[in-house]
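In: prediction below, plus the sequence it came from.
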Amino acid sequence: MRRINEILAVVILSLMAVLVAAVGMRLYDTYVINKKMELEIRQQEEVRSRNREAHDRVQEMRREIEELSGDRDRLGQFLEEIRMDLGEAIPVTSMMGVDTGGMSGNRERSEEPGMSAFEDAASISGNRISMSDNTMSVSDNADSVSDNQMISDHTRSETVSDNEIISAHASSISGNGTISGNAASISGNSAVSENTTISGNGTLSGNMLDLLPKLEMISPAVTLAQRRQIRSSLEETLLVNWEDQACLEERCVDFSGKKIACLGDSITAAANLEGEAGYLSYSYPSVLKELLGAEEVYNLGIGGSSIGRYWSDAFVERYKQIPEDTNIIIVMGGTNDGFCLSEKEFGNFTERRPWTFCGDLDELMRGLKENYPDADIFFVTPLPNILQDYLMRERTYLLPQKNVADVILTLSAAYDFRVIDLYNSNILDSHDADVVADYMPDGVHANKAGYRILAEHIAAELVRYYEQAVCS
């Protein structure tokens, strides 16, 4: 009996030891987890604090640029200094000194022979965009060059075919005046020079509507850097806006029964115009409703918000505010993300961890896909802005804005979402002093005319998508 009691005592002691060890291990694990959580929270707070400082600095930078926006020469020098400090050779062909006021909005296309659409819309003079008189022709006797070539600043050009870019003072292009493939533009100083006619099958004089498809667009695959080699952002903006207005006037798609939700930041909210009565009527969602005649357009823009979790109002934490009966969802963000992203906050495609841009964007896209299965979803890459480069000059840990645009493009393709790629479009790019002076007075937000151009482009892209869907 005594032996049995001794065995039982040993067993009880052993069980107690095991229990104590288990409790100890549990407490230790809890301690480690708590310490890890405390460290993560502390790191997140440090990041938030750093991001708030960056955001405050951006506000100061906005005011600096706005003060310069009335003097194009000083503004141009200032923007050039920023680009040079970052070692960037960004060719921004300027239209400084040209009064471009009134270029946007409801312009009428000219039916007068020999008058350029740009002259009609903006009265641009000099050797920039006028396209009349027969002093330069496209002949049959030019040399031939093929397969995706870029020609610039040559006095003698050659035939260009298959997705090619033609620019700057080309004297002759063979093929009876026809530009084949997806050729982007013919330009002198980033536009077709004054007193210029392309003869043969297509002429630049007369009704511009017949001309524009030939000058139309650079291939969507062309990057921002390549587009900048073709023409300035102001010239690109005016050309694209002309195309957009023509597209909207001729559209056959009916949006009257559609409800559209626009998720975004201060650019969506037009927050920079808050001091004006009825400022929301100038925001791109309001203009979008007017242009498309949609049943409803919800403006879910909040100033200072971002796609990722860098502070409050992140897209990933509020996308469920989108009404369930929404037919079209437009997500435009990434500008504020760019002011925050180091490599750590950027993350990577493999892990896609929360609290990183890659992870939060993936969570946002997945959530939209699951919660709004019947809606057509469009992501819009951010407009390139000089404030990003200005801030990068002071905060070397920041990544280029291109990284943000590339991730949006890549993940959108993975989720089969449509993309309106503003970043690579070369429109409303505030690296161009003329764009800042006319449309983006603080280097990142548009004025009334700029918001209308933005709305017209997004509206036209929607029209093109749905017209293509109907035809295909």
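Out: Received the coordinates, thanks. Numbering: from 1, shown residues only.
In: contacts, neighbours, all on C-alpha from now
Out: Fine.
In: what segments of the stretch 251-400 of the chain are strands?
Out: 259-264, 296-301, 328-332, 376-380 (DSSP state E, counting those that start in this stretch).
In: so which of these gets nearest residue 227?
Out: Between residue 227 and the strands of the stretch 251-400 of the chain, the shortest gap by C-alpha to C-alpha is with strand 376-380, which sits at 18.4 Å.
In: next, the angle from that closest one to strand 328-332.
Out: Here strand 376-380 runs at an angle of 20 degrees relative to strand 328-332 (axes from the mean of the first three to the mean of the last three C-alpha atoms, to 10 degrees).
In: show residues contacting strand 376-380.
Out: Applying C-alpha atoms under 8 Å, 6 or more residues apart in numbering, the contact partners of strand 376-380 are 327-333, 408, 412, 417-422.
In: out of those residues, who's the most crowded?
Out: residue 333 (28 neighbours; other C-alpha atoms under 10 Å).
In: any idea how far it is from residue 53?
Out: 20 Å (C-alpha to C-alpha, to the nearest Å).
In: where in the protein is pLDDT low?
Out: Low-confidence segments of the chain (pLDDT under 70): 40, 43, 88-220, 471-472.
In: coming back round to it: of the contacts of strand 376-380, just say which sits nearest to residue 373.
Out: residue 327 (9.9 Å).
In: nearest residue to that closest one in space, please, no chain neighbours.
Out: residue 375 (4.6 Å; C-alpha to C-alpha, 6 or more residues apart in numbering).
In: are we agreed that residue 428 is in a helix?
Out: No. Judged by DSSP: H, G, I helix; E, B strand; the rest coil, residue 428 forms no part of a helix; its state is coil.
In: contacts only, for it.
Out: 233, 234, 237, 383, 384, 435, 439, 440, 450 are the contacts of residue 428 under C-alpha under 8 Å, 6+ apart.
In: same check, this time on residue 368
Out: Contacts of residue 368 by C-alpha under 8 Å, 6+ apart are residue 319.
In: if we use 10 Å, what do you get?
Out: Listed by C-alpha atoms under 10 Å, 6 or more residues apart in numbering, the contact partners of residue 368 are 316, 319, 320, 322, 329, 362, 375, 377, 415.
In: returning to that earlier point: in PyMOL, how would I select just the buried ones from the contacts of residue 428?
Out: A single PyMOL command selects the buried members of the contacts of residue 428 (16 or more other C-alpha atoms under 10 Å):
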select buried, resi 233+234+237+383+384+435+439+440+450
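In: got the contacts of residue 428 as CSV, with distance to residue 465 and secondary structure columns?
Out: Output for the contacts of residue 428, formatted as CSV (distance: C-alpha to C-alpha, whole Å; DSSP: H, G, I helix; E, B strand; the rest coil):
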residue, distance to residue 465, secondary structure
233, 24, helix
234, 25, helix
237, 20, helix
383, 20, coil
384, 23, coil
435, 27, helix
439, 26, coil
440, 27, coil
450, 23, helix
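In: could you export the contacts of residue 428 as CSV, including distance to residue 83?
Out: Converted to CSV, the contacts of residue 428 look like this (distance: C-alpha to C-alpha, whole Å):
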residue, distance to residue 83
233, 15
234, 18
237, 21
383, 17
384, 13
435, 16
439, 20
440, 18
450, 23
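In: which of the contacts of residue 428 lies closest to residue 394?
Out: For the contacts of residue 428, the nearest to residue 394 is residue 384 (18.1 Å; C-alpha to C-alpha).
In: that closest one touches residue 336, doesn't it?
Out: No. Checked against C-alpha atoms under 10 Å, the pair residue 384 and residue 336 is beyond contact range at 11.8 Å.
In: buried residues in stretch 33-53?
Out: 44, 47, 48, 51, 52.
In: out of the residues you listed, list just those in helices.
Out: Judged by DSSP state H, these include 44, 47, 48, 51, 52 as members of helices.
In: pull the most distant pair out of these.
Out: Largest separation among those by C-alpha to C-alpha: 44 and 52, giving 12.0 Å.
In: can you list residues touching both of those two?
Out: Going by C-alpha under 10 Å, 6+ apart, residues that sit against residue 44 and also against residue 52 are 310, 311.
In: appreciated, that's everything.
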